[in-house]
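# missing the sequence, but the structure's below:
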């Protein structure tokens, strides 16, 4: 399968709590990106982390990358009901201009 | 950010017919375009990568004669689903990247329903 794995598959939390989702990928990468998708809609780009970076922040988002373990995590702090969506990681293959998506985490933030 | 459009946003067709989906980059030159398929409650599966003026590169398991991709200009790629069947019903999403190859811009998707 071209897909990497994400866990958990589904996550339900209360508003204000933090949400952490993890992503693993299979091959060497140039970068890894996180996207959000509301039900039946297009993708929204959240954050990009390059293979030589270990951590990156953007607003309430924090992403880490461990290339030795071929894994990444996305932390959303102080979650809001509007964060309810599916979250996907996408890894850009090293030396190839194409992207493979992880299996996704469905986040439900209860008000 | 750059804008990518898709047309149509949804289409319903009869089994056996062919359907063409357009993907356009509106404000940049897309040297590479990608086509993905997404089944309900699943992730995006890369179908093919196309570079302007050359043949598309298909992922393993994707039938190139069934899913015809044309990338004739730097702003337009088309995906034609030939002889569509109900199992081809899916959400098809395109994306495009330009000279900055680590960034891809996604279209809003096309929902195909084959009756």
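Okay, I see it. Quantities reported herein were computed from a predicted structural model and do not represent experimental measurements.
# quickly list what residue A:43 is bridged to.
With DSSP bridges applied, the residues forming beta bridges to residue A:43 are residue A:37.
# contacting residues around it?
For residue A:43, the set of contacting residues under the criterion of C-beta atoms under 8 Å, 6 or more residues apart in numbering or on different chains consists of A:35, A:36, A:37, A:88, B:44, B:93, B:106. Using the backbone N, CA and C atoms, a C-beta is placed for each residue, glycine as well.
# for the helix or strand that contains residue B:34, packing partners?
For residue B:34, the element it lies in under DSSP states H and E is strand B:32-38. Contact analysis of strand B:32-38 by 3 or more C-beta pairs under 8 Å, 6 or more residues apart in numbering or on different chains; DSSP states H and E lists strand B:19-25, strand B:44-51, strand B:67-73, strand B:76-81, strand B:90-97 as its packing neighbours.
# that strand pairs with which strands?
Based on DSSP bridges, the strands next to strand B:32-38 in the sheet, each with its direction, are strand B:44-51 (antiparallel), strand B:90-97 (antiparallel).
# report the angle between the axes of the first one and strand B:76-81?
Interaxial angle, strand B:44-51 versus strand B:76-81 (axes from the mean of the first three to the mean of the last three C-alpha atoms, to 10 degrees): 130 degrees.
# mind listing what's buried along strand B:44-51?
Neighbour counts over strand B:44-51 (16 or more other C-beta atoms under 10 Å in any protein chain shown) mark B:44, B:45, B:46, B:47, B:48, B:49, B:50 as buried.
# can you list the residues you listed in CSV and add distance to residue B:73 and pLDDT?
Rendered in CSV, the data for those read as follows (distance: C-beta to C-beta, whole Å; pLDDT from 0 to 100):
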residue, distance to residue B:73, pLDDT
B:44, 24, 93
B:45, 26, 94
B:46, 22, 94
B:47, 20, 96
B:48, 17, 94
B:49, 17, 92
B:50, 11, 90
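# hmm, who's touching stretch B:64-74?
Judged by C-beta under 8 Å, 6+ apart, the contacts made with stretch B:64-74 from elsewhere in the structure are B:25, B:29-31, B:33, B:35, B:47-48, B:50-54, B:56, B:58, B:77-83, B:88.
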